[in-house]
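J.: Could you work out the structure for the sequence below:
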Amino acid sequence: MKSVELKDLSTSDLIERIEELEVKQEKLILSHKVSPLENPLVIRTGRKEIARLKTELRRKELEA
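T.: Below is the predicted model:
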């Protein structure tokens, strides 16, 4: 998701998306521990996406 798209999301949308991605991330990590993923870089990109969303959420909190 691009930064322009992130800026258009509301605070509640950001929180919802963060929670959704964190659950997905936990499932990916667990499945990777059981049997290796075909592309383990998916875990890294998911972690970075969560960080981007949290950064944007924090920016909106500081503006308010």
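
J.: May I see the buried residues of stretch 27-41?
T.: By 16 or more other CB atoms under 10 Å, the buried positions in stretch 27-41 come out as residue 28. All C-beta atoms are positioned from the backbone trio N, CA, C, and that covers glycine.

J.: can you give me how far that stretch is from the chain middle?
T.: Stretch 27-41 sits 17 Å away from the centroid of its parent chain (CA atoms, centre = their mean, to the nearest Å).

J.: same deal with stretch 28-44?
T.: On CA atoms, centre = their mean, the centre of stretch 28-44 falls 16 Å from that of its chain.

J.: And stretch 24-44, by the same measure?
T.: Put simply, stretch 24-44 sits 15 Å off its chain's centre (CA atoms, centre = their mean).

J.: ditto for stretch 46-53
T.: With CA atoms, centre = their mean as the basis, stretch 46-53 stands 4 Å off its chain's centre.

J.: Equivalent analysis for stretch 39-57, please.
T.: Centroid separation between stretch 39-57 and its chain, computed with CA atoms, centre = their mean, is 5 Å.

J.: So which residues lie in contact with that stretch, not counting its own?
T.: The contact list for stretch 39-57 (CB atoms under 8 Å, 6 or more residues apart in numbering) reads 1, 3, 6-7, 9, 11, 14-15, 17-18, 21-22, 24-25, 28-29, 32, 37.

J.: So for residue 1, what's the pLDDT?
T.: On the pLDDT scale, residue 1 is placed at 69.

J.: circling back to that earlier point, could you pick out the buried ones from the contacts of stretch 39-57?
T.: Buried among the contacts of stretch 39-57 (16+ other CB under 10 Å): 6, 9, 14, 17, 18, 21, 25, 28.

J.: Just to be sure, which of these are found in helices?
T.: Per DSSP state H, helices hold the following members of the buried ones among the contacts of stretch 39-57: 6, 14, 17, 18, 21, 25, 28.

J.: Contacts only, for the first one.
T.: Yep, that's residue 6 we're talking about. Per CB under 8 Å, 6+ apart, neighbours of residue 6: 14, 52, 53, 56.
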